[in-house]
Structure formats: C-alpha cells, structure tokens
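S.K.: Okay, sequence plus prediction incoming.
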Amino acid sequence: MDDLNNFNELIIEDTVYKTRINKKYSIKKHYQPKDNSIVSAFIPGTVRKIYVSEGQNVFRGDKLLVLEAMKMKNDIVAPINAKVKNIKVNIDEVVAKNQILIELEI
Amino acid sequence: MSIFQSIADLFKRKEKIEAGGGEKAVKKQIDMGKMTARQRIQSILDPNSFYEYDMFVEHKAEDFGMDKKYLPGDGVITGTGTIFGFPVCIYAQDFTVAGGSLGIAHARKITKIMDHALKLGIPLIGINDSGGARIQEGVNSLAGYGEIFFRNTRASGVIPQISVILGPCAGGAVYSPALTDFVFVVDKISKMFITGPEVIKTVLGEEISMEELGGARIQSEISGNAHFFAESEQECFEQIKKLVTFIPWNNRKKADVFPAKPPRSNFDINKIIPSESTEPYDIRDIIRAICDDSDFFEVHQYFAANIVVGFCRFNGETVGIIGNQPNVLAGVLDVDSSDKAARFIRFCDAFNIPLLTLVDIPGYLPGIDQEHSGVIRHGAKVLYAYSEATVPKITVILRKAYGGGYIAMCSRHLGSDFVFAWPTAEIAVMGPEGAANIIFRQEIAEAQNPDEVRKQKVEEYKQKFANPYRAAANGYIDAVINPLETREFVLHSLLIAKNKKEDMPYKKHGIPPF
C-alpha cells in the first residue's frame, strides 16, 4: 500500500511542499455548492405522489412530492421560494439516487 | 467406572469437542485459507501453554429446533496461556460451529474470560470469526453482545485489549473490536462492516464488493478501524507477539525492560534530512537512527500516513513515538492523523509508556472537506491527549514547527517535560512565504518588481525567525542540540524522568472532544 515513487506538490500557506499524496486524499470528493434550483432524490426509491404542477409558485418548505424508500414515505419539500419549472418524474416511477426530480426557477 | 475408564471417557468427550464443527466444516474453513480456532490459539501462544476453560458449556436455547442442536463449546474457545512467558487471556470464535454465531452461552464464555483478565490484570486477546448474532436466540444474543461491550469499556485503560479479525465481523459484532486498543486484520480474510454489500445495494442502489467495502486493506488504509495489516494469519500472529513485548500487563505496571542495544550503524542522521524544509524524507529513518537496534514497531502504518506512531525502545525501555511524516501530505495534521495520534498518546499514557514526539510540521491541512469533517474537534483531540498525559513527555523539533502545529506537537505549553530543537528547527507562526506575503503585503504590491521584493522579504523573515533561537530565548526550548546527540538527550531525559508523578485536578473523567 506504500507508494514510494510518486512525489507531488502540496501548498500550505503559500509554501510549496514536495510530498506524496495518500490514497484517501486522492479519492476524496470535491466540494460542490448546493444548487437550490434542482431537487434530486437523496435515496433511491419510488415517487408516490406529486403535489405540485409546472408553473406553480411554491414557498420554502412546501411539499413537492412523496418519495418512498425503505418502506418510508418521505416528503420532499421546496428548499427555497421558487416557481416549479419542470417536473421530471411521474407517479410510481422508480428513481435512482441523485436523479433529478424537479427543476425550480428561482 | 474405574479411574482409567473415567479418564478415557474424559478424553473421548474432549476429543469430540476439539473436533469443532466436524470434518466437513473444518475442511471448508481450511479451503477458505483460514486456520481453525484451535490452531490460531496455538499459533499465538507459547507451545503447550494453552489452558482451556468452559469446554463443556452448552447452550440452553430451545426455539427453532435449537433444542436438538449440539454446538461444541458453543462456538467459542476460551482460556489462558502465555506469549514469551507473558500471561494472557484469550478467546477464539470457531466458525466451524454454527458459523461462529453468538448466542448467550457463547457470549457468557467470552465475558467470563474477560472478567478473569480484568481481575488478574493481564491482557485480553479476542479472535473474531463469526457470522454474527445467533438469530434463533433472539434478544439473548443481543444481550450477549451488550455484555461484551460493557466489559470492553470497563477494562479499557486497565488491561491491554487486542482484537484479531480472522473472518467476517459484521453488524453489532464490530463494536467489540472497535472498543479495544489494537485491531489486527489479514488480507482477504478479514471483513468488517456495519451493513453489508447486500443491504447497501437494496437501500442505496450502490454496488460494492465485500472486500472493497470492509476488507483488510480498506480497514487499514481508509477507515483506520484496523491498526495492523498482515498478508497471512501467521504474519499477523508474529505481529501480535511482537506487540505484547512492548506493552505492560496492566495499567499498574511498566512494560518489561529488555537488554539495551545501540541503533544499527547504517542510519546517518545528518544525511536523512534535506536542508530545504520543503523537501521530503522518511521520519521513520530518524526513529531508526536513534532507537534501540533500529527496531521501530509501527502502529497504524497505512492509515493517515502523514503522521507516524509506534513503539520502540531506548536502553531497553518501551517508548511511544509520534512523528510528523514529511513524506506524506508534507506531514500535516488533519482529521485522520489527529485521531490516530490522539488515540496512540492516550494508550501510552494509560499504560505508563513515555512519549517521544518528533516534530516537522507545516501546520494543518487546508480544505473544505477537512473543515466540514470537523478538523477543529478532531485536531483538538491531539491537544487534549498531550495535555492530559502524565507520562514523561519528550519533544524534539527537527525542522518546521509552524503555527498551531507547533503548539499541538507536544510543545512546552502543553506540558512537555523536555523540549529539544535541532539547529535546523524553524519555530514560527507560519512558513516564511506565507508570513512575508502578509507582513509585507503592501510593500510587495507597491514594488516595481514584486517578485524580487517578495523573495527578499521571504529571505529576511527566514533569517529572523526560521531558527530555534527565538523560541530558545523565551525558554520554550530547553536546549538546541546537535542532531547526533539526539539519542543521548532522550536517554538522559528518560533516566531523570523515571519517577515522574503528576497529579491531576480531581475529576470523575474529562470530556475529550470525541
């Protein structure tokens, strides 16, 4: 597991260090700022109910749809005051994790 | 029955139990590349030193046809023995008996040997190879786990506890090893996880193999749940035996003292460290250059390799070493390396093992992931562990000691008893580049040739602060020493700190930033 050959550069407080990068550091996920205009599935499941229609204005906290996963019905709510731009799923549709459910217009 | 007949009867009974789950199950175990539970115990202990307890224990479960099932030893072997004459309590789950599943009789055998170890003040070694809870026994098997966890916790810091994962160890079962001091794993044999690949696939739709989820390499390199990684069971047993020689029987004793040996001559301390403080080297070479017989026994070798921890000896006495590793991530402190160091420091302090800290640290790892993972509270563990430790604490600053990293690495301010610095030490709030860019920001920005001025200012700062003498002038460092004298200074410090006793303010216990 020791990789003894590859040296990289690591900058700490403007100083460039020559050093190795370990596996965990190299596979870490890069940060992505949250995009409130996209509502996606936090868990794979089935869409059971859709409360809103396209063009409708919603307030932060309003229920958008019900996503059933692990026998639990999860209310998916609006993260922000917005207008429903696009509903990308249908009732009883099986969705994967991170699949886009609804697009909002902020 | 004559005495001879009853002895023959005893042998017959023992033989049946020693056969474990029977020929077929034993063959299956061996075909998986695994030793049997009994072979494992015998390979770890001194020859003929194993004395088995509770061989004839039987379960009393009745549901789901259990009343008709006889499980030899109820799937676990327990007893006492010695390693290089050093007493230990040991148990090994037997996968050939009902998959090593844990029922209440099985658990009670384990808790009995745990109580024994705690009462006698000797280390406990647990070999885990089990499919998990014995479902037929319902809540009784959960009770069994709970009683084991309770004893692991009560014994923590009193006797050394060693867990060896030689098969599956899943669900609740993982928490006994997690509560112990050292976890050993073997490539392709050990598998640890809370929820397995099947559940993850059903719930999250993510597919991963058992090996990639919780195999020996993952636990050693990524999660840090395991402290020692071996390619084979035999290698693993050698590691366990070696570890036992470095640690005391219990928290009221000191580790055995071995004959003193000088370091081997092939390490030239002056040639290991590059003069440029941004250049890497292997801190373990420095350790080997100063410790007895150049024998450094590394703990957590593959996890958070940016800090190195482990045991070695000075004039035969066990010392715990913590050193920044410039070879990996420039030797920074981050979430993982802080956890690793803090835990090791607390083990050494609990078991009367002096600490030697070798410092060459540029600071903390910058990053969003670090901040979001709580590098603040994880980093605080290092401060807590060092400040709390009352064993002799020796610090040697080799090169960089910048900012928070300087404070954290067992500085005088955290109660170090001896702080030495090499003449190459740079003790400052930050590296010269960063400092010059801040202090002379305006001057650099307004200059006609900013790069030239920056260079000049960096050099100026280096001359002024990138040395040990400012810190020495304040008494924060006891002596600036020739690197070649490092071993002598460490030996002398250990000698005069031999009777160190430090009382802590009365408390039930502290609240470390878990």
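M.R.: Thanks, I have the structure now.
S.K.: Contact partners for the closest residue to B:I481 other than its chain neighbours?
M.R.: Nearest in space to B:I481, with sequence neighbours left out and distances taken as CB to CB, 6 or more residues apart in numbering or on different chains, is B:F420 at 5.0 Å. C-beta: built from backbone N, CA, C; applies to glycine. Contacts for B:F420 (CB atoms under 8 Å, 6 or more residues apart in numbering or on different chains) come out as B:394-397, B:477-481, B:486, B:489.
S.K.: got a winner among these for most neighbours?
M.R.: Highest neighbour count within the contacts of B:F420: B:I397, with 28 neighbours (other CB atoms under 10 Å in any protein chain shown).
S.K.: hang on, it is in a helix, isn't it?
M.R.: No: applying DSSP: H, G, I helix; E, B strand; the rest coil, one finds B:I397 to be strand, outside a helix.
S.K.: Distance check, the residue nearest to B:I481 against chain A.
M.R.: 24 Å (CB to the nearest CB, to the nearest Å).
S.K.: Check which helix or strand that residue maps to.
M.R.: strand B:418-421 (DSSP states H and E).
S.K.: So A:V16: helix, strand or coil?
M.R.: Three-state assignment for A:V16 (three-state DSSP): strand.
S.K.: Now whichever residue of chain A sits closest to chain B, what are its backbone angles?
M.R.: Closest residue of chain A to chain B, CB to the nearest CB: A:E13 (3.3 Å). The phi/psi pair for A:E13 (degrees, to the nearest 10) reads phi 50, psi 50.
S.K.: tell me the contacts of it?
M.R.: Residues in contact with A:E13 (CB under 8 Å, 6+ apart) are B:362-363, B:402-403, B:430-431, B:433-434.
S.K.: now swap in B:A107 and tell me
M.R.: B:141, B:143-145, B:147-148.
S.K.: returning to what we had before: so which of the contacts of A:E13 is the most crowded?
M.R.: For those, the largest neighbour count, defined by other CB under 10 Å, is 31 neighbours, found at B:P362.
S.K.: any idea how far B:R454 is from that residue?
M.R.: Applying CB to CB, to the nearest Å, the value for B:P362 to B:R454 is 19 Å.
S.K.: Get me the contact residues on chain A for chain B.
M.R.: A:1-2, A:7, A:10, A:12-25, A:28-29, A:31, A:43-44, A:69-70, A:96-97 (CB under 8 Å from any CB of the partner chain).
S.K.: Looking at the contacts of B:F420, which one is closest to chain A?
M.R.: Lowest distance from chain A to these (CB to the nearest CB) belongs to B:I397, with 17.4 Å.
S.K.: could you point out where chain A is predicted with low confidence?
M.R.: Counting by pLDDT under 70, chain A shows low-confidence ranges at A:1-5.
S.K.: Tell me where it has helices.
M.R.: For chain A, the helices defined by DSSP state H occupy A:23-26.
S.K.: next one: the stretch 351-500 of chain B
M.R.: B:368-372, B:375-388, B:403-408, B:432-439, B:441-446, B:450-465, B:469-473, B:486-496 (DSSP state H, counting those that start in this stretch).
S.K.: could those go into JSON lines alongside mean pLDDT?
M.R.: Formatted as JSON lines, those follow (pLDDT from 0 to 100):
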{"stretch": "helix B:368-372", "mean pLDDT": "94"}
{"stretch": "helix B:375-388", "mean pLDDT": "98"}
{"stretch": "helix B:403-408", "mean pLDDT": "96"}
{"stretch": "helix B:432-439", "mean pLDDT": "90"}
{"stretch": "helix B:441-446", "mean pLDDT": "90"}
{"stretch": "helix B:450-465", "mean pLDDT": "90"}
{"stretch": "helix B:469-473", "mean pLDDT": "94"}
{"stretch": "helix B:486-496", "mean pLDDT": "98"}
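S.K.: Without its sequence neighbours, what residue ends up closest to the residue of the stretch 251-400 of chain B found nearest chain A?
M.R.: When scored by CB to the nearest CB, the stretch 251-400 of chain B has B:A330 as its residue closest to chain A, at 3.7 Å. Leaving aside its sequence neighbours, B:A330 sits nearest to A:Y17 (CB to CB, 6+ apart; 3.7 Å).
S.K.: Pull the contacting residues for the one you found.
M.R.: Contacts of A:Y17 by CB under 8 Å, 6+ apart are A:9-11, B:278, B:280, B:326, B:330, B:362.
S.K.: Of the residues you listed, keep whichever come out buried.
M.R.: Buried by 16 or more other CB atoms under 10 Å in any protein chain shown: A:10, B:278, B:280, B:326, B:330, B:362, out of the contacts of A:Y17.
S.K.: Could you identify the most distant pair in those?
M.R.: For the buried ones among the contacts of A:Y17, the maximum inter-member distance is 11.4 Å, found between B:P280 and B:P362 (CB to CB).
S.K.: neighbours around A:K49, how many?
M.R.: Neighbours of A:K49 under the rule other CB under 10 Å: 15.
S.K.: mind listing what it touches?
M.R.: The contact partners of A:K49, by CB under 8 Å, 6+ apart, come to A:65-66, A:91.
S.K.: make it 10 Å
M.R.: Shown in contact with A:K49 (CB atoms under 10 Å, 6 or more residues apart in numbering or on different chains): A:63-68, A:73, A:75-76, A:91-92.
S.K.: Likewise for B:P468?
M.R.: B:P468 neighbours (CB under 10 Å, 6+ apart): B:397, B:401, B:419-427, B:476-477, B:479-481.
S.K.: give me that answer again for 7 Å
M.R.: Residues near B:P468 by CB atoms under 7 Å, 6 or more residues apart in numbering or on different chains: B:397, B:421, B:423, B:425, B:427, B:477, B:480.
S.K.: ok, what's across the strand from the first one?
M.R.: For B:I397, the beta-bridge partners are B:V359, B:A421 (DSSP bridges).
S.K.: ok so, going back, report the two of the contacts of A:E13 separated the most.
M.R.: For the contacts of A:E13, the maximum inter-member distance is 13.3 Å, found between B:G403 and B:E433 (CB to CB).
S.K.: any idea how far B:E426 is from B:T195?
M.R.: Look at B:E426 and B:T195: by CB to CB, they are 47 Å apart.
S.K.: Looking only at neighbour counts, state which of those two leads.
M.R.: B:E426 (24 against 14).
S.K.: what separates that one from B:I438, distance-wise?
M.R.: Counting by CB to CB, the gap from B:E426 to B:I438 is 17 Å.
S.K.: among the contacts of B:A107, who's most crowded?
M.R.: Within the contacts of B:A107, neighbour counts (other CB under 10 Å) peak at B:G144, which reaches 24 neighbours.
S.K.: Kindly confirm whether my reading is correct that it touches B:I104.
M.R.: Yes: assessed by CB atoms under 7 Å, B:G144 is found in contact with B:I104 at 5.0 Å.
S.K.: which residue does chain B bring closest to chain A?
M.R.: Relative to chain A, the nearest point of chain B is B:G434 (3.3 Å; CB to the nearest CB).
S.K.: Flag every residue of the stretch 351-500 of chain B that's near chain A.
M.R.: B:362-363, B:366, B:368-369, B:430-431, B:433-434, B:437 (CB under 7 Å from any CB of the partner chain).
S.K.: could I get the residues you listed as JSON lines with distance to B:V57?
M.R.: Shown next, in JSON lines, are those (distance: CB to CB, whole Å):
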{"residue": "B:P362", "distance to B:V57": "56"}
{"residue": "B:G363", "distance to B:V57": "56"}
{"residue": "B:P366", "distance to B:V57": "56"}
{"residue": "B:I368", "distance to B:V57": "54"}
{"residue": "B:D369", "distance to B:V57": "49"}
{"residue": "B:M430", "distance to B:V57": "62"}
{"residue": "B:G431", "distance to B:V57": "63"}
{"residue": "B:E433", "distance to B:V57": "67"}
{"residue": "B:G434", "distance to B:V57": "64"}
{"residue": "B:N437", "distance to B:V57": "70"}
